[in-house]
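Undergrad: fold the following, please.
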Amino acid sequence: MNKSIFTAAIVLCLTISCSNPQQATTAESLSDPPVSNNSGKNLNNANMNVQKITPYLWVEKDAKAVAEYYLSIFKDGKLKDFRKFASDESGNEAGIETAVIEIAGMEFSILAAGPLFKFNEAVSFVINTKDQAETDYYWEALTKDGGEEGSCGWCKDKYGLSWQVVPTEYYELIHSDNPAVREKAMKNTLKQKKLILSELK
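TA: Residues are numbered from 1 along each chain as shown. Sure, this is the predicted structure:
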């Protein structure tokens, strides 16, 4: 993928993010009202949030499949927008796809525009879980089907995106006023992959 394709992809991203919600800006019209990810309907951006900072995830292909993957993990999520741009619109021979999802109350944008960039551990997303059961759920969901376990609560999903799955009680342990509690929690963290609270206390 050359520089012109990269530039075209960025322009499309900005166009989608900044477009008038009443105007059709792509070849695929999204006129249905917002619906859950299970309905299979498309959506328009009239109901898009104006989020101050939106993570934008570049993937190789199939933005809708990527969106559906994350929506299968975050059960309260929804698909808010999906668009296809043909090769003549995007400057990319294979075309470009975009999607917007909302998971855990936060919008993520997805751009499928070829294998130019890959995720790495320099950026990760923290999931603050309420207990060990929720920690187990997200850890298992993210690491199966091609995901990867890391150390100290870090893992990767099947697309290579890094996550930290952290029970909120963990912060109480490592910030405890009792140095013995802090020391045990930190020492045992280094021995773990998935965080297991019972072994940290």
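Undergrad: now do the end-to-end distance for stretch 134-151.
TA: 18 Å (CA to CA, to the nearest Å).
Undergrad: mind listing residues that contact it?
TA: Residues from elsewhere that reach stretch 134-151 (CB atoms under 8 Å, 6 or more residues apart in numbering): 72-73, 121, 127, 129, 155-158, 162-163, 165-167, 190, 192-195, 197. To be clear about C-beta, it is placed using only N, CA and C from the backbone, and glycine gets the same treatment.
Undergrad: helices of this protein, start to end?
TA: Along the chain, counting by DSSP state H, helices occupy 3-18, 63-73, 87-90, 132-143, 168-174, 179-189, 197-200.
Undergrad: least confident of those helices, on average?
TA: Lowest mean pLDDT of these: helix 3-18, a mean of 51.
Undergrad: ok, how many other residues are close to the closest residue to Glu199 other than its chain neighbours?
TA: Leaving aside its sequence neighbours, Glu199 sits nearest to Asn188 (CB to CB, 6 or more residues apart in numbering; 5.4 Å). The tally of other residues near Asn188 (other CB atoms under 10 Å) stands at 15.
Undergrad: and this structure, what are its domain boundaries?
TA: Segmentation of the chain into domains, based on automatic domain parsing, reads 3-112, 124-200.
Undergrad: give me the pLDDT for the residue most central in space within the chain.
TA: The residue lying closest to the centre of the chain (CA atoms, centre = their mean) is Phe108, at 5.9 Å. If you check Phe108, the pLDDT there is 98.
Undergrad: pretty sure it is touching Ile101, no?
TA: Yes. Phe108 lies in contact with Ile101 (CB atoms under 8 Å); the separation is 5.4 Å.
Undergrad: what do the two both touch?
TA: Common contacts of Phe108 and Ile101, defined by CB under 8 Å, 6+ apart, comprise Tyr70.
Undergrad: skip the chain neighbours and tell me the closest residue to Thr98.
TA: Nearest in space to Thr98, with sequence neighbours left out and distances taken as CB to CB, 6+ apart, is Arg83 at 5.0 Å.
Undergrad: let me redo that: Val166
TA: That would be Gly153: by CB to CB, 6+ apart, it lies 5.4 Å from Val166.
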